[in-house]
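Novice: Only the shape, not the letters, is given here:
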């Protein structure tokens, strides 16, 4: 979350479901209630490069995902740990990630 | 694994257990039989920076871990997927990671 701000509230289930659909079919909520997208990439270096681009977005937003980098794939996991759920901070960053990866 | 080479055999359980101890107390085998170490870092950017250093080692060795980057932590997971176990390739890379992180 932005420094010195209180985190927003988690979205209610109906709003969250609608927001996930709006992000596009590549996004889903996992069993832990986190917002997740996996990207396929040509190799490890490409996954790492995409992770670095997303890390730059995250630093700018001061809201941080978990990034799982493997050979040919990158998984982005988003939730707002301070409030134990998905908030508009996660959705905003997910939308930026989506725009980046296009 | 290095390009154009066949992967080595997984280590037998006794040799593997000994090798994990030799790597140091921060390393362990998880329930999936992967070699794992988590580093604590001051923030997300530091975790990402360490991930990039490890990625460079992995590219040089042409053997790739899974890297999980989060706020203040980086988890490195190693196994040789082609043979379904931990091999000397994983131990060699783990030793390099250990030397890097000191």
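Specialist: In hand now; what should we look at? Not measured: the values here are computed from a predicted model.
Novice: give me every residue that touches the closest residue to residue A:53 other than its chain neighbours.
Specialist: Among residues not flanking residue A:53 along the chain, residue A:100 sits closest, at 5.8 Å (C-beta to C-beta, 6 or more residues apart in numbering or on different chains). All C-beta spots, glycine's among them, are computed from the backbone N, C-alpha and C. Residues in contact with residue A:100 (C-beta atoms under 8 Å, 6 or more residues apart in numbering or on different chains) are A:53, A:54, A:57.
Novice: just residue A:71 next, same as before
Specialist: Per C-beta under 8 Å, 6+ apart, neighbours of residue A:71: A:43, A:44, A:47, B:64.
Novice: Please give the three-state secondary structure assignment for the last one.
Specialist: Okay, so that is residue B:64. Following DSSP: H, G, I helix; E, B strand; the rest coil, we place residue B:64 in the coil state.
Novice: For chain A, see how far away it is.
Specialist: Per C-beta to the nearest C-beta, to the nearest Å, residue B:64 is found 5 Å from chain A.
Novice: Name all residues that make contact with that residue.
Specialist: Shown in contact with residue B:64 (C-beta under 8 Å, 6+ apart): A:44, A:70, A:71, B:58.
Novice: what phi and what psi does the backbone show at the third one?
Specialist: Right, the one you point to is residue A:71. Residue A:71 adopts backbone torsions of phi -70, psi 110, taken as degrees, to the nearest 10.
Novice: again with the second one
Specialist: Backbone dihedrals for residue A:70, given as degrees, to the nearest 10, come out at phi -140, psi -180.
Novice: again with residue A:49
Specialist: phi -60, psi -40.
Novice: now it: how far from residue A:55?
Specialist: According to C-beta to C-beta, to the nearest Å, residue A:49 stands 11 Å off from residue A:55.
Novice: more crowded one of these two?
Specialist: Applying other C-beta atoms under 10 Å in any protein chain shown to residue A:49 and residue A:55 shows that residue A:55 carries more neighbours, namely 21 against 15.
Novice: just how off-centre is the helix or strand where that one lies within its chain?
Specialist: Using DSSP states H and E, residue A:55 sits in helix A:44-61. In terms of C-alpha atoms, centre = their mean, to the nearest Å, the centre of helix A:44-61 is found 11 Å from the chain centre.
Novice: same question, stretch A:33-48
Specialist: Averaging C-alpha positions (C-alpha atoms, centre = their mean) puts stretch A:33-48 11 Å from its chain's average.
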